[in-house]
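A.B. asks: Quick one: sequence and predicted model below, then my questions.
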Amino acid sequence: MTISQDLRKIADEYAPQAVLPFTYDEIISIARAKLGIRQEQVHSALHQLYAAKQISYPRTDVPYLPTVLLPDLPLIMSALDVRFSTDEPARHHNGHYMSPAWRSPESFDLHYGIIPTSAFDPELYDTMPDEWRKLFDLIVERFVAVFTFKPSLISKEARATLLAAADLIDQLETDVSDENKGLWRFWSRKASELASKLADKEFS
């Protein structure tokens with residue numbers, strides 16, 4: 001494998017994987033596959049949870065969240081902490097990791113991804129039917145994952161730099177001039193050093 005191929009491979013392996021809130025179709029599919037709950041049962045449980053103000057509107061095909069909900073995020077995390085151990089980066093989300101789930105309010109007609117609400121009721125949770133609780137757990141797990149920074153991932157800018165370096169190395173490699181051979185050797189060495197740092201998780 002060439003240096004440029006190595007760089008592209010690393011860029012793909014370390015690319016941030018966007019985690020988004022559930023849509024209606026997705027949670028039905030996952031609940032059926034993972035929990036063995038039938039579609040009509042999921043439909044009924046979601047609407048009961050919505051009626052109890054435990055989750056946002058479930059019949060949505062939009063996996064994003066409007067930025068107007070940003071102030072609600074710590075309130076939701078604090079409410080969930082009564083029964084769930086939310087990750088520290090998610091609980092104290094302060095914008096340093098801006099989830100790809102956020103979109104401007106103008107992007108929404110009405111509904112957004114399925115998330116828990118700040119009205120979480122721990123007593124209701126404890127007395128929920130088993131199916132409701134399992135679905136709610138899925139929603140909470142996904143919600144926390146949306147806002148949890150993954151330190152092993154590199155930024156979009158760093159990934160773009162890796163891919164640009166790979167393209168440059170390929171271009172230099174096709175030009176046999178002495179000047180470009182020197183540049184190719186220089187950038188190949190730099191790329192190898194960068195690849196080693198990434199492999200050792202030293203890159204930030």
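C.D. replies: Happy to help now that I have it. Residues are numbered from 1 along each chain as shown.
A.B. asks: So, low pLDDT: which residues of the protein?
C.D. replies: When residues are selected by pLDDT under 70, those of the chain lie in 1-4, 6-7, 10-17, 86-98, 149-159, 162, 169, 171-204.
A.B. asks: if we go to 90?
C.D. replies: Residue ranges of the chain with pLDDT under 90: 1-19, 67, 70-71, 73-74, 77-78, 81-110, 144-204.
A.B. asks: What's opposite the residue lying closest to Tyr64 once chain neighbours are set aside in the beta bridge?
C.D. replies: Using C-beta to C-beta, 6 or more residues apart in numbering and skipping the chain neighbours, the partner closest in space to Tyr64 is Arg103 (4.4 Å). All C-beta atoms are positioned from the backbone trio N, CA, C, and that covers glycine. In this structure, Arg103 has the following beta-bridge partners (DSSP bridges): Pro66.
A.B. asks: And Arg103, how close does it get to Pro66?
C.D. replies: According to C-beta to C-beta, to the nearest Å, Arg103 and Pro66 sit 6 Å apart.
A.B. asks: on that earlier part again, quick one, what contacts the residue nearest to Tyr64?
C.D. replies: Arg103 makes contact with 64-67, according to C-beta atoms under 8 Å, 6 or more residues apart in numbering.
A.B. asks: quick one: which of these has the most company?
C.D. replies: Comparing those on neighbour count, Leu65 comes out first with 24 neighbours (neighbours: other C-beta atoms under 10 Å).
A.B. asks: how about Pro58, secondary structure?
C.D. replies: Local secondary structure at Pro58 is given as coil here, using DSSP: H, G, I helix; E, B strand; the rest coil.
A.B. asks: That one and Ala164, how far apart?
C.D. replies: Separation of Pro58 from Ala164 (C-beta to C-beta) stands at 42 Å.
A.B. asks: These two: which has the busier surroundings?
C.D. replies: Of the pair Pro58 and Ala164, Pro58 is the one with more neighbours under other C-beta under 10 Å, namely 22 against 12.
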